[in-house]
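S.K.: What follows is a predicted protein model with its sequence.
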Amino acid sequence: MSYLAINGYELPPPKRGVRVIVTTVVDAGRNANGAVVGQRVGRDQYKIDGLEWPWLTAGQWEHILKILRGFFVNVTFMDPVTNSPKTIKMYPGDRDGEAYWIDKNGVPTHYRNCKFNLIDCGE
């Protein structure tokens, strides 16, 4: 298994620095005494931040972007809470890549600094 798969497509290994952020959603407020009262809402949610590839072929970057075009995707990653694979529905944040090598027809053949993040849908 690769570090990350989107809709079954195993992505190339990303650059070091990927962060899996675990968030506990809480419905909270303060009571008449000023004490915080609240309760957990649903399950913990995840954000996969800092996904970056220093170098991808145009075909690799195109394939990744096409997978993300459907907006909601099934992402399989290593859950740091259980240290085992987890698959959840997520959506992508901004996608960014810099065309690096351009052929004589003006078509990029390679990209660098390709990056995006993935955000849990909570389902």
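M.R.: Now that the structure is in, tell me what you want to look at.
S.K.: where exactly do the helices run in this protein?
M.R.: Taking DSSP state H, the helices of the chain run over residues 58-68.
S.K.: what's around the nearest residue to Gly122 once chain neighbours are set aside, how many residues?
M.R.: Counting by Cβ to Cβ, 6 or more residues apart in numbering, Gly122 lies nearest to Gln45, which is 5.6 Å off, once chain neighbours are set aside. For every residue, glycine as well, the C-beta is placed using N, CA and C. The burial count assigned to Gln45 is 17, neighbours taken as other Cβ atoms under 10 Å.
S.K.: Gln45 and Thr23 touch, don't they?
M.R.: Yes: counting by Cβ atoms under 8 Å, Gln45 touches Thr23, with 4.9 Å between them.
S.K.: sorry, back to before: show me what contacts the residue nearest to Gly122?
M.R.: By Cβ atoms under 8 Å, 6 or more residues apart in numbering, Gln45 lies in contact with 22-23, 25, 120, 122.
S.K.: among these, which ones are buried?
M.R.: In terms of neighbour count (16 or more other Cβ atoms under 10 Å), the buried residues within the contacts of Gln45 are Asp120.
S.K.: how much distance is there from stretch 75-82 to the middle of the chain?
M.R.: Distance, stretch centre to chain centre, for stretch 75-82: 12 Å (Cα atoms, centre = their mean, to the nearest Å).
S.K.: and if you look at stretch 70-77?
M.R.: Computed by Cα atoms, centre = their mean, the chain-centroid distance of stretch 70-77 equals 8 Å.
S.K.: how about the CA coordinates for it, as PDB?
M.R.: Extracted in PDB, the C-alpha atoms of stretch 70-77 (Å, rounded to 0.1, in the frame of the first residue of the first chain):
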ATOM      1  CA  GLY A  70     -15.100  14.900  -9.000                       C
ATOM      2  CA  PHE A  71     -14.700  16.900  -5.800                       C
ATOM      3  CA  PHE A  72     -15.700  14.200  -3.200                       C
ATOM      4  CA  VAL A  73     -13.200  11.400  -3.200                       C
ATOM      5  CA  ASN A  74     -12.500   8.300  -1.100                       C
ATOM      6  CA  VAL A  75      -9.100   8.700   0.500                       C
ATOM      7  CA  THR A  76      -7.100   5.900   2.100                       C
ATOM      8  CA  PHE A  77      -4.300   6.900   4.400                       C
END
